[in-house]
Every structure is written in C-alpha cells, then in structure tokens.
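Chemist: got a structure for you, letters missing:
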C-alpha cells in the first residue's frame, strides 16, 4: 500500500536553530500534503495544507514565517521550523494524498517527527 | 464549522472483552467520511476503520465495527475480543468530500486513551 516517509523521526537541537522536516510519498504522487502538530496527550491540529507548486495555506494562528512549508515536487514536502524555541517542541505529523477528480482518495500519514528544542 | 467530540478521555477494558468508544460530530454537509485512527505509543497514525456517510451499512474490519447513526451524528467504535495490542489512543475524525469548498482536511476529536487490562 501507499507509504509516507517522514524524516527525521526525532530531532533535538538548540534554541535559535532552524530545523527541516521532510515528508515523502514513496509510491504515489501527493498532490496535497498536510502538516499537523500534536502536543502531548492532545489531538492533531492542522497547521497548513500544501499543494504541489503553490504556496501553502496556513490555518489561523499558525505563523507562516515561523513554519516554512515547501511542496516543490509531487513526492516531497518540507516543513522548516525557523529560529526554533522550546515552545516549538512538539510532535509534527505529515500526511499526503493524491487528489483524483473522480473519487476521494485516502490520506496517508507519516510516522511523525518528535522535535525537542533545548 | 465541523467539530468532532470524544467525550471519553480514558477507557479501559479487560482483555478479550468488548469496549465501545463514543464519538459525535457536527456538520451541515450531507456527504462526508468518518474515520477511527489508532495512535500507539510509537505515535504512528494507523487507520482502523472508515465509514462513508452515504452508506447506511455500518463498516466492519475484523474485530472493529462502528455504529453509525447519521441522524444523531454519532459514530462509535466497538472493539470486540480486545487484545493487549489494542491499547492506544483512538481518534475519531471527520473529513469532507473532495468537492467541498473549504478544504479537505481532517477534523480530529480529542482522543480516547484505551487501556487493555490483562
């Protein structure tokens, strides 16, 4: 079945650095990718939706200059947390979908990235 | 706006017994999708079961079944013959159909933490 690979699975870095998280669709072309954030024992909150070749659509309250999303190809989207601070520590999950005009396609989730900012 | 409510933050079940997790949602759409996802400690999102709103028949996947009450906007998950591996966080999720005009992202409930007692 379809697989979405997310890398890295866990990253620890110092405050002030930027961190890039990759989300790849391995056996299908992902026309739409989604980035979620999940705090401990809480639900997934959608951060942004990205379509290949266009700018991401951010949810209200998500700083687009803080969380840079690039969906440059049909198999890769990246989330860059710029100048990360401890409050950015969280679990980030991507998901990907191929959009067919004829049917609703499933949305596949990556395994997530645990980001810890010291 | 769509909302998904899981009123049981924690549930427990004896191994081999049956447990039902509750979920209600609010929507003005007539066609949509409902899902139950399992998130074990590894944090990977695993699709458990999916229901299309236009289908009256309740979805079933092996030991997992749903009770979909469209008029009541209720979508409960029943786990039969519970196993230790079923212990996880369970999220109920709603997704619009592809032709909705405000995006196709998931709306997640706050989750129910299921403990399976040996």
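Modeler: Done, it's in. Predicted, not measured: the structure shown is a model, and the values here were computed from it. Residues are numbered from 1 along each chain as shown, chains lettered A, B, ... in the order given.
Chemist: Could you list the paired strands of the helix or strand harbouring residue B:93 along with their orientation?
Modeler: Assigned by DSSP states H and E, residue B:93 belongs to strand B:88-96. Under the criterion DSSP bridges, strand B:88-96 sits next to strand B:32-39 (antiparallel), strand B:106-108 (antiparallel), strand B:112-117 (antiparallel) in its sheet.
Chemist: mind listing what the spatially most central residue of chain A touches?
Modeler: Most central in chain A under C-alpha atoms, centre = their mean is residue A:35, positioned 3.4 Å from the mean C-alpha point. Residues in contact with residue A:35 (C-beta atoms under 8 Å, 6 or more residues apart in numbering or on different chains) are A:23, A:46, A:47, A:48, A:50, A:67, A:69, A:77, A:79, A:92, A:93, A:94. (C-beta placed from N, C-alpha, C; glycine too.)
Chemist: can you put these in a markdown table and add pLDDT and distance to residue A:118?
Modeler: Shown next, in a markdown table, are the contacts of residue A:35 (pLDDT from 0 to 100; distance: C-beta to C-beta, whole Å):
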| residue | pLDDT | distance to residue A:118 |
| --- | --- | --- |
| A:23 | 95 | 24 |
| A:46 | 89 | 27 |
| A:47 | 93 | 22 |
| A:48 | 92 | 25 |
| A:50 | 88 | 28 |
| A:67 | 96 | 19 |
| A:69 | 94 | 24 |
| A:77 | 94 | 26 |
| A:79 | 97 | 20 |
| A:92 | 96 | 17 |
| A:93 | 94 | 22 |
| A:94 | 94 | 24 |
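Chemist: got any ranges where the chain has weak pLDDT?
Modeler: Let's take chain A. Residue ranges of chain A with pLDDT under 70: A:1-2, A:100-105.
Chemist: that's the other chain; I wanted chain B
Modeler: B:1, B:98-105.
Chemist: Not counting its neighbours along the chain, what's nearest the closest residue to chain A within it?
Modeler: Nearest residue of chain B to chain A: residue B:45, at 3.9 Å (C-beta to the nearest C-beta). In space, and not counting its chain neighbours, residue B:45 is closest to residue A:109: 3.9 Å by C-beta to C-beta, 6 or more residues apart in numbering or on different chains.
Chemist: number of nearby residues for the one you found?
Modeler: 23 (other C-beta atoms under 10 Å in any protein chain shown).
Chemist: Hmm, it is touching residue B:44, no?
Modeler: Yes: when contacts are counted by C-beta atoms under 8 Å, residue A:109 is listed as touching residue B:44 (7.2 Å).
Chemist: ok, back up a step: keep only the contacts of residue A:35 that also lie close to chain B.
Modeler: The subset of the contacts of residue A:35 within reach of chain B, by C-beta under 8 Å from any C-beta of the partner chain, is A:46, A:93.
Chemist: any idea how far residue B:82 is from the residue nearest the centre of chain B?
Modeler: Most central in chain B under C-alpha atoms, centre = their mean is residue B:36, positioned 2.9 Å from the mean C-alpha point. Going from residue B:36 to residue B:82 by C-beta to C-beta, to the nearest Å gives 15 Å.
Chemist: Okay, and the beta partners of whichever residue of chain A sits closest to chain B?
Modeler: Ranking the residues of chain A by distance to chain B (C-beta to the nearest C-beta) places residue A:109 first, at 3.9 Å. Counting by DSSP bridges, residue A:109 forms beta bridges with residue A:95.
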